[in-house]
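S.K.: Make a model of this:
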Amino acid sequence: MTKKYEIVLKYIKDISVEIPSAEVFVFSREHITKYSLGINISSKALKNEMVEVTTKLSYKDPSENKRKCYFEICYSNVVKLKEKSLDKKELEKILLCDVQNEIYPDLEKIFINVIKDCGFPLLKLEKKIDFQKLYEQRLN
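M.R.: Residues are numbered from 1 along each chain as shown. Sure thing, here's the model as predicted:
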């Protein structure tokens, strides 16, 4: 099957690491595996059958604890659509599933390396994100 899109650009649009103090850093190092991963995908139409797709990952402590760090990355892609006559559902599936499945391994690697380079132990995000399942849940 021929792909109906092409990713023409990939870039980090924004990246944020918040470590309020040395005390918080030491505490967070011990509790980083309890943090949870959040994901948000947005898109913006551009000219010439192109769309900017931004995938935002956030990694934060879900507890009420005051001593916590925060990590976030916004990773953008410019996607060129090869067909002009895509219906809304096809376009949504491309942007929310196909593009995400293609870019996510690189995005995850970048994000994990940023957290590691901040002095935290190497993370393994145990749960792989099933973009197809998330898309189907969104439709229901």
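S.K.: Could you grab the helix/strand/coil label for Tyr104?
M.R.: Classification of Tyr104 by DSSP: H, G, I helix; E, B strand; the rest coil places it in helix.
S.K.: Just give me the neighbour total for the residue nearest to it when sequence neighbours are not counted.
M.R.: Spatial nearest neighbour of Tyr104, chain neighbours left out: Ile129 (6.4 Å); criterion: C-beta to C-beta, 6 or more residues apart in numbering. Every residue, glycine included, has its C-beta placed from N, CA and C. For Ile129, the tally of surrounding residues (other C-beta atoms under 10 Å) stands at 16.
S.K.: Likewise for Ser85?
M.R.: Residue crowding around Ser85 was assessed by other C-beta under 10 Å; the count is 6.
S.K.: now swap in the one 4 residues further on and tell me
M.R.: Taking other C-beta under 10 Å as the criterion, the count of residues near Lys89 is 10.
S.K.: so where's the chain shaky on pLDDT?
M.R.: Across the chain, residues meeting the criterion (pLDDT under 70) sit at 1, 126, 140.
S.K.: can you map out the helices along this protein?
M.R.: 22-31, 88-93, 99-117, 131-139 (DSSP state H).
S.K.: from these, which stretch is densest packed?
M.R.: Each of those was given a mean neighbour count from mean count of other C-beta atoms under 10 Å, and the largest, a mean of 16, is that of helix 99-117.
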